[in-house]
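# sequence and computational prediction follow.
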Amino acid sequence: MPVQRMTAKKVRISELVKGEWVKKEGMEPSFVVAPNGENISRARVMGTIVSKFLADDGNFASITLDDTTETIRLKTFKTTKPLDDFEIGNMVDVIGKVREYLGEIYIIPEIVRKVEDLNWELLRKLEMVKKPAKVGKVVKAEPVKQKRLGEEKGDEKEDDKALLKRNILKFIESGEDGVEYGQILENVKGKEAEIESVVNEILAEGICYEPTPGKIKKI
């Protein structure tokens, strides 16, 4: 059974470093249990770079990110990309996989973007304020029979998703060695959440895989 690529959750850094690390065996992804009860395998954080290290041999890089709630390190192995493009003082928006080693929670970055407009920082902070303090019990709603109009809208949405999926697969196929997830966002028209959902789907279906973190390749 293919392992599903988890959706990146927008979190405060403190939710990661103050959470409890849960190690899973085999292909099942490990995760952090945040103080609010969320399981986080992939995270999206925003903060300011306060330190940076690049190995002389190009096989390791690390930057420390501060979002005022806590600090966390981003680490890359066997490469310094994409961390070599950023400097101390830059504010960045990061999507990556949460990892742990010797008690340290860190992130392997898949996408790192420089934040030029400080309004984005304010927006992210507002999003974090709106997050629930605790995860409540999920109550399933009773299924409601759709009217014909609703069914038609559902079919239209399904057609849009199928078209997006075709476009994403076509773009992935254009890269002989695969393409970076950030390149998909830049070159395929669609909302980021919808693109990420489709990428998760094609990875879960085994149509594509990740040869390295953040790179998608068709099998």
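In hand now; what should we look at?
# going by C-alpha atoms from here, please, whenever you check contacts or count neighbours.
Fine.
# looking at the chain, which helix or strand is least sure?
Between all helices and strands in the chain, the lowest mean by mean pLDDT, DSSP states H and E belongs to helix 118-129, at a mean of 63.
# residue 218 - nearest residue in space that isn't next to it in sequence?
Excluding the flanking residues, the one nearest residue 218 by C-alpha to C-alpha, 6 or more residues apart in numbering is residue 208, at 4.2 Å.
# and after the longest strand belonging to the chain, which helix or strand comes next?
Counting residues, the longest strand found in the chain (DSSP state E) is strand 42-54. Next helix or strand after strand 42-54 toward the C-terminus (DSSP states H and E): strand 60-66.
# where does pLDDT dip in this structure?
Flagging of the chain using pLDDT under 70 yields the residue ranges 1-6, 118-158, 204, 213.
# at 50 instead, please
Low-confidence segments of the chain (pLDDT under 50): 1-3, 133-152.
# how's it carved up into domains?
Using automatic domain parsing, the domain ranges for the chain come out as 9-128, 160-218.
# just put those domains in CSV and tack on mean neighbour count.
Output for the domains of the chain, formatted as CSV (neighbours: other C-alpha atoms under 10 Å):
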stretch, mean neighbour count
domain 9-128, 17
domain 160-218, 17
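# this structure: strands as residue ranges?
According to DSSP E, the strands that the chain contains are 9-10, 20-22, 31-33, 39-40, 42-54, 60-66, 71-77, 91-101, 104-114, 179-180, 208-209, 215-218.
# so residue 87 sits right up against residue 49, yeah?
Yes - between residue 87 and residue 49 there is a contact at 7.0 Å, judged by C-alpha atoms under 8 Å.
# just to check, the residue nearest to residue 218 is in contact with residue 201?
No - judged on C-alpha under 8 Å, residue 208 makes no contact with residue 201 at a distance of 9.4 Å.
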